[in-house]
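Q: 3D model of this:
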Amino acid sequence: MKRLLATLLDGLRAAFLRHPRGTVLTASAGVYVALVAVYLAVSFGMELVDTPPPWRLDPAGISTVLADSLLTLVATWLLATLAQRRDIVWGAAAILLAATIATAAVIHWPLAYTASALLQHDHAVLALLLELVSRAWWFLVLLVFAHWLAPRGLARALAGALLAYAISAAAWWWLPAAPLLESAPASDEVAEDTNAADTTEPDADANPAAHEDDEAAQPGFDAEEVMFNQRTLLDASLAKLKPRMPGKTNLYAIAFAGDADQDVFRNEAEYAERLFAQRFDADGYVLVLENNAATVATRPLATWTNLHHALDAIAKKMDPAQDILLVYLTTHGSEDHQLLVDLDPLPLDQIEPVDLADALKTEPGIRWKVLVVNACYSGGFVDALRDDSTMVITSARADRTSFGCGADSDITWFGKAFLVEALNKTTSLREAFDLAKRAVGSWEAAGKNEPSEPQIASSHSIEAKLADWRKQLPAQPAVPFTPAAASTTAR
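A: Numbers count the residues shown, from 1 in each chain. Here you go, the predicted model:
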């Protein structure tokens, strides 16, 4: 126990950029193993504070701590080898692991909390600076530690610190990491969503053609008449959009529900319309394009042509250099990154990343954009859409499915997490994504589904613009979710 406490004290000294005393450099592997247990306990305690109850233990989080401990051991071996002191590897590794624990608890944790608070108050630059300080701090710890091992070789210590940083810290920029604790979803809601995923097959979106066999009645409309009326319907909907409000940043939004086979997409698009209109000061600035047999006479279809025309028209209505465009697309997606656009028996074209990117090339060009693609494999759209003034959010990784899109669901899991839950708690789209990603991950783990891993591509420019826009938003209450069929009548 004395050795353990002395090692923890040395780790604390290292975390504050002071040389360890090194009184227990002869420590055995047993002290190191005991420190791994301390690392688990400290990580558990921090996440207990950070994670809202009810809690659920994620076994993958234990693997993350064990992997970090192993990487610390490897980094120590490297530093000891460069210092020609391999005989003290276990003792030095114990001190460096203690420094890892101390740095996580007294440096990284407070800095992360402060950065989060700054983001919530729209201080994105200060939050970014704190993030950089947090990342750089561990390198300084390693540099002090390496110089302590080899006090006469500053250049060797610097090289060793760089290599050790690449092993023990930079590796986590691409290695998967999981928390020890997650918020357990509400039992009734998640049970319903999980059952929906089980009955509709999670991977069904991998083949959009499979939805042709869904038990939906043949739509009772004249296909030729519907297609003939599209331009009239679209022009009428565009004409209803209000003129922009001068002297402020206006938000224009398009909600796109691509597949007519399930009401879940109509529900989500029409809820997005209500949410942005009522809570985000966009009443009269939201256009819905949707494929649904119940609305073919009242809503323009969700097609690439209509989307293209709508974007061009909105670009002329808004101030393209000042206002913000938000496009929310919800439908099925395929492994080859096509969004399903379907309303039998109409022969509609599917939408690929290049198609969406092309539609966004309006004249005049719209600078500030937020693009949300809610579909399986939607991460495949990120590279085609991202730029310095655009935030791209997807509900899944490029090679992963997403969930909750079956006939028994009222809204997709990501739509529920992002629109219904997160954006009714915060007006920050970035913070809403973080909340939604965590919630979806919890639901997927509860249902033992492969994680969809929602993605975001952003930049300082677009986040600063969104932060300025948020300052002008009036405080508004949450917007309750009700399925479209229950909350609306034929227009």
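Q: shaky segments in the chain?
A: Across the chain, residues meeting the criterion (pLDDT under 70) sit at 23-27, 51-56, 58, 60, 116, 119-124, 171-179, 181-219, 485-491.
Q: how is it carved up into domains?
A: Split into domains by automatic domain parsing, the chain comes to 2-182, 188-487.
Q: where do the helices sit along the stretch 51-200 of the chain?
A: Using DSSP state H, counting those that start in this stretch, the helices of the stretch 51-200 of the chain run over 59-82, 89-103, 109-120, 124-149, 154-168, 187-200.
Q: re earlier: let's have the domains of the chain in JSON lines, adding mean neighbour count.
A: C-beta: built from backbone N, CA, C; applies to glycine. Shown next, in JSON lines, are these (neighbours: other Cβ atoms under 10 Å):
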{"stretch": "domain 2-182", "mean neighbour count": "18"}
{"stretch": "domain 188-487", "mean neighbour count": "19"}
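Q: Tell me which of the helices of the stretch 51-200 of the chain lies nearest to Glu224.
A: Comparison of these against Glu224 by Cβ to Cβ identifies helix 187-200 as nearest, at 32.1 Å.
Q: Now do the strands in the chain.
A: 55-57, 181-183, 251-257, 286-290, 324-330, 368-374, 390-394, 455-457 (DSSP state E).
Q: Make JSON lines out of those strands and add distance to Gln476.
A: Formatted as JSON lines, the strands of the chain follow (distance: least, Cβ to Cβ, whole Å):
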{"stretch": "strand 55-57", "distance to Gln476": "31"}
{"stretch": "strand 181-183", "distance to Gln476": "25"}
{"stretch": "strand 251-257", "distance to Gln476": "13"}
{"stretch": "strand 286-290", "distance to Gln476": "15"}
{"stretch": "strand 324-330", "distance to Gln476": "16"}
{"stretch": "strand 368-374", "distance to Gln476": "18"}
{"stretch": "strand 390-394", "distance to Gln476": "21"}
{"stretch": "strand 455-457", "distance to Gln476": "24"}
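Q: among these, which is nearest Ala313?
A: Among the strands of the chain, strand 286-290 comes nearest to Ala313, with 8.9 Å by Cβ to Cβ.
Q: helices or strands up against that closest one?
A: Counting contacts by 3 or more Cβ pairs under 8 Å, 6 or more residues apart in numbering; DSSP states H and E, strand 286-290 is packed against helix 230-239, strand 251-257, helix 263-279, helix 304-317.
Q: so Ile314 sits right up against Ile254, yeah?
A: Yes - counting by Cβ atoms under 8 Å, Ile314 touches Ile254, with 7.3 Å between them.
Q: any common contacting residues for the two?
A: Leu287, Leu325 (Cβ atoms under 8 Å, 6 or more residues apart in numbering).
Q: how close does Asp349 sit to Ala302?
A: 11 Å (Cβ to Cβ, to the nearest Å).
Q: any residues in contact with both of those two?
A: Shared contacts of Asp349 and Ala302, defined by Cβ under 8 Å, 6+ apart, are found at Val341.
Q: ok, the residue of the chain most remote from its centre to Ala83 distance?
A: Ranked by distance from the centre of the chain (Cα atoms, centre = their mean), the top residue is Arg152, with 46.2 Å. Using Cβ to Cβ, Arg152 is found at 10 Å from Ala83.
Q: so what's in contact with those two at the same time?
A: What both Arg152 and Ala83 touch, as defined by Cβ under 8 Å, 6+ apart, is an empty set.
Q: Excluding chain neighbours, what is closest to Leu435?
A: Ala422 (4.0 Å; Cβ to Cβ, 6 or more residues apart in numbering).
Q: who's in contact with the one you found?
A: Applying Cβ under 8 Å, 6+ apart, we find Ala422 in contact with Glu431, Ala432, Phe433, Leu435, Ala436, Ala439.
Q: please redo it, this time with the cut-off set to 6 Å
A: Contact analysis of Ala422 by Cβ atoms under 6 Å, 6 or more residues apart in numbering lists Ala432, Leu435, Ala436.
Q: cool, and Lys448?
A: Listed by Cβ under 6 Å, 6+ apart, Lys448 has no contact partners.
Q: For Gly220, see how far away it is.
A: Lys448 is 40 Å from Gly220, by Cβ to Cβ.
Q: cool, Val327 as well?
A: In this view, Val327 and Gly220 are 30 Å apart by Cβ to Cβ.
Q: Repeat that for Val420.
A: Distance of Val420 to Gly220, computed by Cβ to Cβ: 31 Å.
Q: again with Ala37
A: Distance, Ala37 to Gly220, using Cβ to Cβ: 66 Å.
Q: ok, and the closest non-adjacent residue to Ala93?
A: Leaving aside its chain neighbours, Ala93 sits nearest to Thr76 (3.9 Å; criterion: Cβ to Cβ, 6+ apart).
Q: Do I have it right that the one you found meets Gly91?
A: No - if you go by Cβ atoms under 6 Å, Thr76 and Gly91 don't touch, sitting 9.3 Å apart.
Q: got CSV for the helices of the stretch 51-200 of the chain, with distance to Val288 too?
A: What follows is the helices of the stretch 51-200 of the chain, written out as CSV (distance: least, Cβ to Cβ, whole Å):
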stretch, distance to Val288
helix 59-82, 39
helix 89-103, 50
helix 109-120, 30
helix 124-149, 31
helix 154-168, 49
helix 187-200, 24
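Q: returning to that earlier point: and of the strands of the chain, who's closest to Ala14?
A: Taking the strands of the chain one by one with Cβ to Cβ, strand 181-183 is closest: 27.1 Å.
Q: before we move on, the earlier item: relative to Lys369, which of the helices of the stretch 51-200 of the chain is closest?
A: helix 124-149 (17.7 Å).
Q: what's the angle from that closest one to helix 89-103?
A: 160 degrees (axes from the mean of the first three to the mean of the last three Cα atoms, to 10 degrees).
Q: what's the distance between helix 124-149 and the middle of its chain?
A: 25 Å (Cα atoms, centre = their mean, to the nearest Å).
Q: Stretch 137-151 too?
A: 34 Å.
Q: what does that stretch rub up against?
A: Counting by Cβ under 6 Å, 6+ apart, 14, 17, 19, 79, 83, 99, 103, 107, 156-157, 160-161, 164-165, 169 sit against stretch 137-151.
Q: Same check on stretch 266-285?
A: 242, 251-253, 255, 257, 286, 288, 290, 292, 328, 330, 410-411, 415, 419, 473, 476, 479, 481, 483-484.
Q: switch to 7 Å and redo it
A: 241-242, 250-253, 255-257, 286, 288, 290, 292, 295, 326, 328, 330, 410-412, 415, 419, 423, 427, 473-474, 476, 479, 481, 483-484, 488 (Cβ atoms under 7 Å, 6 or more residues apart in numbering).
Q: Also stretch 371-381?
A: Contacts of stretch 371-381 (Cβ under 7 Å, 6+ apart): 205-206, 327-335, 337, 339, 353, 356, 385, 390, 392-402, 412, 414-415, 455.
Q: So which of those sit within helices?
A: Using DSSP state H, the members of these that fall within helices are Pro353, Leu356, Leu385, Phe414, Gly415.
Q: distance between stretch 146-157 and the chain's centre?
A: The chain centre lies 41 Å from the centre of stretch 146-157; the measure is Cα atoms, centre = their mean.
Q: ditto for stretch 108-117
A: Mean-position distance between stretch 108-117 and its chain equals 19 Å (Cα atoms, centre = their mean).
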